[in-house]
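[1] build me a model from this:
(2 chains)
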Amino acid sequence: MNAADIRIIASPESWIDQVAVDQLRQTAALPGIDAVVGMPDLHAGRGIAVGAAFWSRSHVYPHLVGSDIGCGMGLWRTGIARRKFRADAAERRLHGLDQTWPGDRAGRLAAVGLPPAAGEALGTIGGGNHFAELLRVETVIDAALFAEAGLDAGAVHLMVHSGSRGLGQAILDRHRSRFNVAGLAAEDPACAAYLAEHDAAIRWAVLNRAVIAERFLDRLATRGERLLDLCHNSVTRHRDGWLHRKGAAPADGGLVVIPGSRGDMTYVVRPRPDRADDALQSLAHGAGRKWSRSEARDKLSRRFRIADLERTRLGSRVICEDRDLIFEEAPQAYKDIHQVVRDLQQAGLIDPIAMLCPLLTYKVRRA
DNA sequence: ATGTGC
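    Numbering: from 1, shown residues only, chains lettered A, B, ... in the order given. A predicted model of the protein is given here:
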C-alpha cells in the first residue's frame, strides 16, 4: 500500500520540526489514509503531529483526534468598554473559576441532549495550553468584515480555549482498550458507536466553553455575545470520507480565530473557499510550539523569574499559579504567530480581518 | 490533554 500524499503549508522561512514531519509521514502510511496536510503551526505531539488534518475514504482513527475531543476556541464580545477596562480590578474579580461550577450542570447538559457524564468538570478550563483571555482590538485589517463579524474596536473581547476535559479522555481510553491505535472501518458498528460518543463530546466541549465564558462574564459583571466557536480536534464527514483534525481549525465553519501565544497577538481571519479543499478545509489553530514542555521549563526557568512571566512584552498579565506551567506556556516556547498567518495568507487560504492584543490571560488559580 | 503519576 502506498502512503498518502503529504502537503505542508509553510514558506521556506518557517521553521518546521523534523520530528513532526516524521510523525506526519508515519500517519500518512496508516491503512486507508488518503491525504495529509500539515499546517504552519505543525509541531510534534505524543505520537501524532499537532497542527494537521488527515483524510480517509474508508476509516475513522480515534487516536488521530486524540483525547481532547471537541477542544477549540470560542470568542465573545463583552460589554466592557476598552477605555474602562482596568486589569487590577479584573484580576481581583477572577477567583473561584477553577472550582466546580455551582450552576445547573445536569440541566445545561440535558438541554443539549447530553447525560450528566463528566458533569463536575463542566465550566472549568483545565490545564495544558487551555486558557481564557481578555483582549482589546489592536488593528482592524478589513473594516467591512470586522463589522460583519460583530467585533467592536471599543469593546473588550473574551477568548476561551478548552475542550471536553475527562469525557473525551474516557472515550478515547475505551476505544484504545479494545482497538489500541487501529482505525475503524466505516461500516464497522464500532465506528458508528465511536462517532456517536465523539459527537456528544463535541457538544460537551462547546457547552463547556459557553459556561466558562458565562462564569468569566459574570465575575466581571458584564454580558457578552458569542461571535464564533470552532473545534480543532474532531473527525467529521468530508466528501466521501472522514476528515480528522488534530489541532487544525475548520475552514468551512465561518470566521476563525487564530491565537498566538499568551504574550502575542491573536488574529481573526476569514477562510477563502477557493483553495480550501487542497488544505483539507483546515487552517492553523495557533502559533504552534517551538520548544517541548520540558525544553521550555529547562531554558526559561534559568532565564526568568515567575514574576517576569506574569507580565508580557505587550503589557498584558498572566494569571498562572502553576510554576511549571507558566514556563511551559511562555511566549518564548511558541513560534511567531505573524509568520503562521503570513504562510496561510500566501497559500491563498485566508484573508486577515483583525489583530487582537491580550490584556489579561487566565490559566489557573488555586482559589 | 487528563478528577494526571511517582
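[2] all contacts plus neighbour counts: C-alpha atoms, from now on.
    Noted.
[3] looking at the stretch 151-300 of chain A, what residue ends up closest to DNA strand B?
    In the stretch 151-300 of chain A, the residue that lies nearest DNA strand B is A:G166 (2.9 Å; Cα to the nearest atom of the strand).
[4] neighbours of that residue, how many?
    A:G166: 19 surrounding residues under other Cα atoms under 10 Å.
[5] host element of it?
    Here A:G166 sits within helix A:165-179, counting by DSSP states H and E.
[6] could you list the buried residues of that helix?
    A:R165, A:G166, A:L167, A:G168, A:Q169, A:I171, A:L172, A:D173, A:H175 (16 or more other Cα atoms under 10 Å).
[7] can you redo those residues as a markdown table with pLDDT?
    Formatted as a markdown table, the buried residues of helix A:165-179 follow (pLDDT from 0 to 100):
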| residue | pLDDT |
| --- | --- |
| A:R165 | 97 |
| A:G166 | 96 |
| A:L167 | 97 |
| A:G168 | 97 |
| A:Q169 | 97 |
| A:I171 | 97 |
| A:L172 | 97 |
| A:D173 | 96 |
| A:H175 | 95 |
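[8] contact residues of the stretch 1-150 of chain A facing DNA strand B?
    Contact residues (Cα under 7 Å from any atom of the strand) of the stretch 1-150 of chain A with DNA strand B: A:S67, A:D68, A:A118, A:G119, A:E120, A:A121, A:I125, A:G126, A:G127, A:G128, A:N129, A:H130.
[9] from those residues, which two are the most distant?
    Spatially, the most separated pair among those is A:G119 and A:N129, at 21.4 Å (Cα to Cα).
[10] and the helices in the stretch 51-200 of chain A?
    For the stretch 51-200 of chain A, the helices defined by DSSP state H, counting those that start in this stretch cover A:62-65, A:87-93, A:105-111, A:143-148, A:165-179, A:189-219.
[11] comparing these, which comes out most buried?
    Mean neighbour count, computed with mean count of other Cα atoms under 10 Å, is highest for helix A:62-65 among the helices of the stretch 51-200 of chain A, reaching a mean of 24.
[12] run the chain-centre distance for the host helix or strand of A:T27.
    For A:T27, the element it lies in under DSSP H and E is helix A:18-28. In terms of Cα atoms, centre = their mean, to the nearest Å, the centre of helix A:18-28 is found 21 Å from the chain centre.
[13] please apply the same query to stretch A:201-219.
    The chain centroid and the centroid of stretch A:201-219 are separated by 14 Å, computed with Cα atoms, centre = their mean.
[14] turn the buried residues of helix A:165-179 into TSV, including distance to A:P273.
    Below are these laid out as TSV (distance: Cα to Cα, whole Å):
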residue	distance to A:P273
A:R165	32
A:G166	35
A:L167	33
A:G168	30
A:Q169	33
A:I171	33
A:L172	32
A:D173	36
A:H175	34
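[15] can you pick out the most distant pair from these?
    Using Cα to Cα, the two most remote members of the buried residues of helix A:165-179 are A:R165 and A:H175, lying 16.6 Å apart.
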